[in-house]
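1. Sequence isn't available, so here's the structure alone:
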């Protein structure tokens, strides 16, 4: 194993930067051009859809990978029992609170937008928990919304514990000497995992693989050093793969579905390696803004999509111009999200429900 690391500020910075990317990501989902529904749906726009297409292969996988790395550090200081207790307070309780208090507003506005729903919020709130659902919530039924990440991470964290305990009992291999070609080829593991427990297009098996790659491999200090030293190679390969993905999206290149799926994992894995290497070199620092964002990012993740959908519902009544809509959704979406965090962190009950750390001077 590598030397026990000091605080990895770049890991925190990756996490909150990914969360901020979700603002344009979910606003652009309103305008997706591949026929997928959304809570509020605007015109099909190819340009903004391209952003989503080249972002999704690495964005959430990176968050699961970072969670695995963070878990490796956490279990150096905590017992397994303490870790499980922490997962309950930091994931399960906020998940339950979010599903009851945050997510139903999204399906309420989806019902009003798509189905001309005229009932009360309370009546729709009952429908949220009782109506048949495809788990998208676009037609008013139950959905975890963006909180699927919390549910998956909680299940994955618990599922990984037997693997971690078994690994501790084994004669542990020196992963730091793993040849770089093998590290590069590990993208095949998420592809294989994608066939396991796929729920509404999100595979528990695939995200468990990313979590385990973070825990068992990428948390190793020497591996991190090697990734940093190869960061520009990873970046170059990632950018080249992004170009190919874009050509596929614009139908310049036609690949059969299995080959396309393998390419997306290849692109996603090299993007993750590039981001980790570049961030370790250039973002391993902190300042007041970064420290604030590190504290706020979890709550921002929980609240942001609800405010985006609410803002979009009313903005669409004001203008038919997509560029104006995007700006007018983004501004209140960001402001109200951070206002929600600032309010909740000042109230003990909501601070507990949404796992908000108390600010210290």
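-> Yep, it's here. Model, not experiment: these values are computed from the prediction.

2. Which parts of this structure are strands?
-> In the chain, the segments counted as strands under DSSP state E are 198-199, 202-203.

3. List the neighbouring strands of the last one plus their orientation.
-> Looking back up the chat, that one is strand 202-203. Here strand 202-203 has these sheet partners by DSSP bridges: strand 198-199 (antiparallel).

4. next one: the partner strand to chain centre, how far?
-> 16 Å (CA atoms, centre = their mean, to the nearest Å).

5. So what touches that strand?
-> Identification of contacts with strand 198-199 by CB atoms under 8 Å, 6 or more residues apart in numbering yields 135, 204, 205. Just so you know, the C-beta spots here come from the backbone N, C-alpha and C atoms, and that holds for glycine as well.

6. and those, which are buried?
-> Buried members of the contacts of strand 198-199, scored by 16 or more other CB atoms under 10 Å, are 204, 205.

7. what's the closest of the contacts of strand 198-199 to residue 258?
-> Among these, residue 205 lies closest to residue 258 (CB to CB), at 16.6 Å.

8. So for stretch 202-219, what gets flagged as buried?
-> 202-219.

9. for stretch 310-320, same thing?
-> 310, 311, 312, 313, 315, 316.

10. What is the most widely separated pair among the residues you listed?
-> 310 and 316 (11.3 Å).

11. ok so, going back, which of the strands of the chain comes out lowest on mean pLDDT?
-> Note on the strands of the chain: strand 198-199 shows the lowest mean pLDDT, a mean of 89.

12. which stretches of this structure have low pLDDT?
-> Counting by pLDDT under 70, the chain contains low-confidence ranges at 1-7, 359-361.

13. Look through it and tell me its longest helix.
-> Determined from DSSP state H, the single longest helix within the chain is helix 288-315.

14. got a list of what residue 329 touches?
-> For residue 329, the contact set (CB under 8 Å, 6+ apart) comprises 27, 30, 308, 311, 312, 315.

15. just to revisit the earlier point, tell me the one of the buried residues of stretch 310-320 nearest residue 335?
-> residue 311 (9.4 Å).

16. For residue 186, see how far away residue 179 is.
-> Counting by CB to CB, to the nearest Å, the gap from residue 179 to residue 186 is 11 Å.

17. Looking at the two, which is more packed in?
-> Per other CB atoms under 10 Å, whichever of residue 179 and residue 186 has more neighbours is residue 186, with 16 against 8.

18. Could you measure from the more buried one over to residue 96?
-> From residue 186 to residue 96 the distance is 34 Å (CB to CB).

19. ok, residue 228 - how many residues close by?
-> Residue 228: 19 neighbours (other CB under 10 Å).

20. same question, the one 10 residues further on
-> Using other CB under 10 Å, residue 238 is surrounded by 23 other residues.

21. I'd say residue 98 and residue 302 touch.
-> Yes - the pair residue 98 / residue 302 is scored as a contact, 5.2 Å apart, by CB atoms under 8 Å.

22. got any residues that touch both of those two?
-> Overlap of the contact sets of residue 98 and residue 302 (by CB under 8 Å, 6+ apart) consists of 147, 150, 354.

23. Mind checking which of the residues you listed land in helices?
-> residue 150.

24. In JSON lines, list the shared contacts of residue 98 and residue 302 along with distance to residue 337.
-> Compiled in JSON lines, these are given as follows (distance: CB to CB, whole Å):
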{"residue": "147", "distance to residue 337": "14"}
{"residue": "150", "distance to residue 337": "16"}
{"residue": "354", "distance to residue 337": "12"}
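
25. that older thread, now the longest helix of the chain, how far from the centre of its chain.
-> 13 Å.

26. before we move on, what about stretch 24-41?
-> 17 Å.
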